[in-house]
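In: A predicted structure for the sequence below; I have some questions about it.
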Amino acid sequence: MAALAVLGALCGAAFTSKVANHFGYALPEEKGLPHQVQYNGRDYRDPTTCAGAQWCEDEKTPEQRARPYCTPRTGLGLSEGTGGSGLIKVDDVFTLFGSSHSLFTAGAVSPGETVTRVVVEASDDCYLTYDLVGGP
């Protein structure tokens, strides 16, 4: 019976924003994307999202609070520096008990190349940008 209680607690912990943010997966809720995702062995962060954790809201600057949660595709500025190739799907962000979120780069990326920004589709025409953590 104790093992069942421990298993239940571990399963419940998986639905907490703290665990989702730590492991970089999304929760099945609106604004459920984590503050950090991984691509090609590197970490990328977006300070405006954190799988619903309160600390994220508390740490936002007034400018960040005034911005919308996500950007429509037309607002991503893809015409600059991408050679007109737009978003290229390169991976997915796992969602606990939900559909995964597509992870994109702006244009094609050569094997082994480190990009400084990735884009994650939160929902239809709603995108979040994550910036590289550390140097290239």
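Out: Arrived safely, thanks for sending.

In: use CA for all of it now, contacts and neighbours both
Out: Fine.

In: Next, count neighbours for D125.
Out: For D125, the neighbour count with other C-alpha atoms under 10 Å is 12.

In: for Y127, same thing?
Out: By the criterion of other C-alpha under 10 Å, Y127 has 21 neighbours.

In: Now for it: which residues touch it?
Out: Taking C-alpha atoms under 8 Å, 6 or more residues apart in numbering, we find Y127 in contact with 70-73, 119-121.

In: Make JSON lines out of those residues and add distance to S100.
Out: Converted to JSON lines, those look like this (distance: C-alpha to C-alpha, whole Å):
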{"residue": "C70", "distance to S100": "17"}
{"residue": "T71", "distance to S100": "19"}
{"residue": "P72", "distance to S100": "19"}
{"residue": "R73", "distance to S100": "18"}
{"residue": "V119", "distance to S100": "14"}
{"residue": "V120", "distance to S100": "10"}
{"residue": "E121", "distance to S100": "9"}
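
In: Now flag whichever of these is closest to A53.
Out: Closest approach between these and A53, by C-alpha to C-alpha: C70, at 16.8 Å.

In: Give me the pLDDT for the closest one.
Out: On pLDDT, C70 comes in at 89.
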